[in-house]
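1. Sequence and predicted structure, then a few things I'm wondering about:
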Amino acid sequence: MRRTLLACSLALLTGLAHAADIPETDWLQLMPPSDRKALEEMPEIDHNSPEAAGTFTQKQGGLKQKGKLPPVMFSTRTVAALDGKQIRLGGYPVPLENDARGRVTEFFLVPYPGACIHVPPPPPNQIVLVRYPKGMKIDDIYSPLWVTGKLKVEKVSNEMADAAYAMDEAKVRAVQDSDL
């Protein structure tokens, strides 16, 4: 009996240690190899647009992509092995919903800052919808976040963007200087 309790205690402590030590997932791991290859071979993209000049408006489509971009820039293809996997992903928030106190409760996590005004925006398989009912104050979309939780393959589409992944019940925190 004592050995069983000891074994259970060690398993629990090991599990907690592993949860704290989840390695960072690289954004490119969210893309199937064929998409990564297509992205590497993609021609240079022109950034001359109203958004690039700082005149972004919601009517221009938010993160939704328009124009003549290569198909990989619209890809919703995912990596099935990541479905249900605990990951830690660093990225930048694009706030979507706030609670009554003004705290962000839902946001898109994207791989680079300013994606809501950058041209072109990331492909859907490089956008993760994070549902965070606890909410958090986000003063600066250019400040990176760590998001840790169970990744789900889930296609989400709204006025702002299309995403191929989502996370619920994630842990969210600002990236600190000590993380770098």
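-> Arrived safely, thanks for sending.
2. From Pro133, how far out is Thr105?
-> Here the criterion is C-beta to C-beta, to the nearest Å. By it, Thr105 lies 6 Å from Pro133. To be clear about C-beta, it is placed using only N, CA and C from the backbone, and glycine gets the same treatment.
3. In terms of neighbours, single out the busier of those two.
-> More neighbours surround Thr105 than the other of Thr105 and Pro133, with 17 against 11 (other C-beta atoms under 10 Å).
4. correct me, but the more buried one touches Pro93?
-> No. Under the contact definition of C-beta atoms under 8 Å, Thr105 does not touch Pro93, with a separation of 11.5 Å.
5. Do a quick rundown of the helices in this protein.
-> 2-20, 33-40 (DSSP state H).
6. And those, which one averages the lowest pLDDT?
-> Within the helices of the chain, confidence is poorest for helix 2-20, with a mean of 37 (mean pLDDT).
7. Report the contact partners of Thr148.
-> Ile22, Gln86, Ile87, Arg88, Leu89, Ala170, Lys171, Val172 (C-beta atoms under 8 Å, 6 or more residues apart in numbering).
8. no no, Glu97
-> Taking C-beta under 8 Å, 6+ apart as the definition of contact, the neighbours of Glu97 are Val104, Thr105, Glu106, Phe107.
9. And it, how close does it get to Lys137?
-> For Glu97 relative to Lys137 (C-beta to C-beta), the value is 14 Å.
10. Overlap of the contact sets of the two?
-> Overlap of the contact sets of Glu97 and Lys137 (by C-beta under 8 Å, 6+ apart) consists of Val104.
11. I'd assumed Asn98 was in contact with Lys137.
-> No. The pair Lys137 and Asn98 does not pass the contact test of C-beta under 8 Å, sitting 9.8 Å apart.
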